[in-house]
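Asker: with the input below, show me the fold.
(chains A and B)
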Amino acid sequence: MIYWELFLAFFIPNIVGYGGGPAIIPLIEAEVVGRYGWMTSQTFAETLALGNALPSPIATKMAGYVGYEVAGMGGAFVAVAATVVPSLLLMIAALGLLYRHRESPQVKRMSQWVRPVIAMMMAWLTLGFLLEGVNGAGWLHTMIIGVVAAIALVRFKIHPAFVVMAALVYGAFVIA
Amino acid sequence: MKQTSLFWAFFRVGIFGFGGGPSMIPLVHAEVVARYQWLTDEEFADILAIGNTLPGPIATKMPGYIGYRVGGPLGCAVAVTAVILPMIAAMIVMLGIFSRYRDVAWIRGMGQAVVPVVMIMMGQLAWDFFDKSQKALGWLVSSVMAIVSGALIYWLGVHPGFIIGAILLAAFIPFSKLKKAERSA
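Answerer: A predicted model of the protein is given here:
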């Protein structure tokens, strides 16, 4: 039962998540935090922060960790398989067919039309993290970290791993 | 021998691929085309183009498909495992240690401090996705789609999978005739 839920929680986001790894994150959050309540918004944010700081694809790191948290090694296996196997089978099975249609307007429209929905879900998730930050660290710390992180990430294009590390140091010494 | 090469090629891709899926593509190219010559440049470009038309993370579709081409079903499993397993193990170990000491004040502070950073990263992604869709569909259409889908998901509680599924199906409706009618009107 739990394995079936884990499978669905990762299968659905990955099959509808056009736009690569990051597009899948708000869909996974909707399942893991919103629908099944396996994680709180706080632990999801922590997992995402560490996931963004480590190499390799984000979708499988999230699946592997959430699956393990919920149902151990078997859970990790089910969640990762639900993430990887369906699209891979499609790719192996339908390579020739897709290759002929890769320039077709329908195929292009698919990813274009999904983008506003994903953008909306991402914005909603951003708001959720804002409330979570205020709830945990308070207004002042959330604003300081948020502004500095925004400048570092957007203006100076510093790698997320370093920004996450700097936040960890700030949290350990200033907030605590 | 081939399976061992596949494993190490994608193991390196996995541990050096900082920044998620798209940043790993040049690394895959370096291993598969330049180092082992399993594929030509054109084959690589074709596989990448097709991978991008399918859902799911590109960083597992590429290794999986290339592994399958080079070493059959076993090669597929070996390549995917090599690319994802090391960092899943690292996540489980690091977050396991972290949550065990959650009650310690400075560890809790670290957890709280990381939330605003994730907020900024997610906000950046949201803007990026909206900007791309605004360029393809225009401000008005993008905004209306975003607001309507947001109301359906968060206000009426419709599962996002249904909405996206419906949009994907709608993408196949032959709109070109409608557009022509609009232009002539």
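Asker: distance from the chain centre to stretch A:59-71, please.
Answerer: 11 Å (CA atoms, centre = their mean, to the nearest Å).
Asker: need the CA coordinates for it. PDB is fine.
Answerer: The C-alpha coordinates for stretch A:59-71 follow below in PDB (Å, rounded to 0.1, in the frame of the first residue of the first chain):
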ATOM      1  CA  ALA A  59      14.500  14.500  -9.300                       C
ATOM      2  CA  THR A  60      16.200  11.200  -8.400                       C
ATOM      3  CA  LYS A  61      17.900  12.600  -5.300                       C
ATOM      4  CA  MET A  62      14.500  13.800  -4.000                       C
ATOM      5  CA  ALA A  63      12.900  10.500  -4.900                       C
ATOM      6  CA  GLY A  64      15.600   8.400  -3.300                       C
ATOM      7  CA  TYR A  65      15.600  10.400  -0.100                       C
ATOM      8  CA  VAL A  66      11.800  10.700   0.300                       C
ATOM      9  CA  GLY A  67      11.300   7.100  -0.600                       C
ATOM     10  CA  TYR A  68      13.900   6.000   2.000                       C
ATOM     11  CA  GLU A  69      12.300   8.300   4.700                       C
ATOM     12  CA  VAL A  70       8.900   6.900   4.100                       C
ATOM     13  CA  ALA A  71       9.600   3.200   3.600                       C
END
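Asker: nearest residue to the middle of the chain?
Answerer: Using chain A. Nearest residue to the geometric centre of chain A (CA atoms, centre = their mean): residue A:25, 2.6 Å.
Asker: meant chain B actually
Answerer: Against the mean C-alpha coordinate of chain B, by CA atoms, centre = their mean, the closest residue is residue B:57 at 3.6 Å.
Asker: and the gap between the nearest residue to it once chain neighbours are set aside and residue A:9?
Answerer: Leaving aside its chain neighbours, residue B:57 sits nearest to residue A:59 (4.2 Å; criterion: CB to CB, 6 or more residues apart in numbering or on different chains). In short, each C-beta sits where N, CA and C put it, glycine included. According to CB to CB, to the nearest Å, residue A:59 and residue A:9 sit 13 Å apart.
Asker: of these two, who's got more company?
Answerer: Applying other CB atoms under 10 Å in any protein chain shown to residue A:59 and residue A:9 shows that residue A:59 carries more neighbours, namely 31 against 24.
Asker: so who does the more buried one touch?
Answerer: Applying CB atoms under 8 Å, 6 or more residues apart in numbering or on different chains to residue A:59 gives the contacts A:14, A:17, A:21, A:24-25, A:28, A:83, B:21, B:56-57, B:59-60.
Asker: so how far is chain B from residue A:20?
Answerer: 5 Å (CB to the nearest CB, to the nearest Å).
Asker: can you report how many residues neighbour that residue?
Answerer: 22.
Asker: shouldn't it be in contact with residue B:57?
Answerer: Yes - contact criterion CB atoms under 8 Å: residue A:20 and residue B:57 qualify, at 6.4 Å.
Asker: so what's the gap between the longest helix anywhere in chain A and the chain middle?
Answerer: Assignment by DSSP state H gives helix A:58-93 as the longest helix of chain A. Taking CA atoms, centre = their mean, one finds helix A:58-93 lying 13 Å from the centre of the chain it belongs to.
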